[in-house]
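Q: Need the 3D shape of this:
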Amino acid sequence: MRRKIIPYNSNLKPLARKLRNDSTLGEVLLWNELKSKQFYGYDFHRQKPLLNYIVDLYCYELELVIEIDGLYHSWEEQSDKDILREKELENYGLTILRFTEQEVRKDMPNVFRTIEAHVFNRNPDAFSQA
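A: Here you go, the predicted model:
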């Protein structure tokens, strides 16, 4: 698969590095399961600048963004920003999966089922190759 180049604001790189160092527990738990191509051989990156945003987890092969939302995402102003952000990312053909911090911390099996469903919809052979 040819890699689709998604532009990003290079000024976000220092902030992305800081966010990687200051990850929430949910981000760390999910990252530990996805890093090093552990998830069906797919390469995930964390705190990845895309456009003018930094996404929690990104897999270019799956055109997938995973966001882990803390409590502040339920505030109306942040929710409106999240909707705009999703639309801009979707314009590049990306799918955004959102989980709450609590879902990741307390219900990892269902988080994985949701991610697996996306993988299967994109590549039904992924599970036979793993």
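Q: Show me what the lowest-mean-pLDDT helix or strand in the chain is packed up against.
A: Ranked by mean pLDDT, DSSP states H and E, the weakest helix or strand in the chain is helix 126-129, scoring a mean of 68. Here helix 126-129 touches helix 108-122, going by 3 or more C-beta pairs under 8 Å, 6 or more residues apart in numbering; DSSP states H and E. C-beta here means a position set from N, CA and C on the backbone, and glycine is covered the same way.
Q: quick one: low-confidence ranges for this structure?
A: 1-2, 71-76, 129-130 (pLDDT under 70).
Q: Would you state the helices of it in chain order?
A: Shown for the chain, the helices assigned by DSSP state H span residues 13-21, 25-34, 76-90, 101-106, 108-122, 126-129.
Q: which residues does Ile94 contact?
A: Heads up, residue 94 is Leu, not Ile. 6, 50, 63-65 (C-beta atoms under 8 Å, 6 or more residues apart in numbering).
Q: What values do phi and psi take at it?
A: phi -90, psi 150 (degrees, to the nearest 10).
Q: how much space between it and Tyr42?
A: As for Leu94, its distance to Tyr42 is 14 Å (criterion: C-beta to C-beta, to the nearest Å).
Q: do Val104 as well
A: As judged by C-beta to C-beta, Val104 and Tyr42 stand 18 Å apart.
Q: what about those two, which has more around it?
A: Per other C-beta atoms under 10 Å, whichever of Val104 and Tyr42 has more neighbours is Val104, with 24 against 18.
Q: mind listing what's buried in stretch 89-100?
A: For stretch 89-100, the neighbour count (16 or more other C-beta atoms under 10 Å) marks 89, 94-95, 99-100 as buried.
Q: okay but Glu27 is in contact with Ile66, surely?
A: No - judged on C-beta atoms under 8 Å, Glu27 makes no contact with Ile66 at a distance of 9.6 Å.
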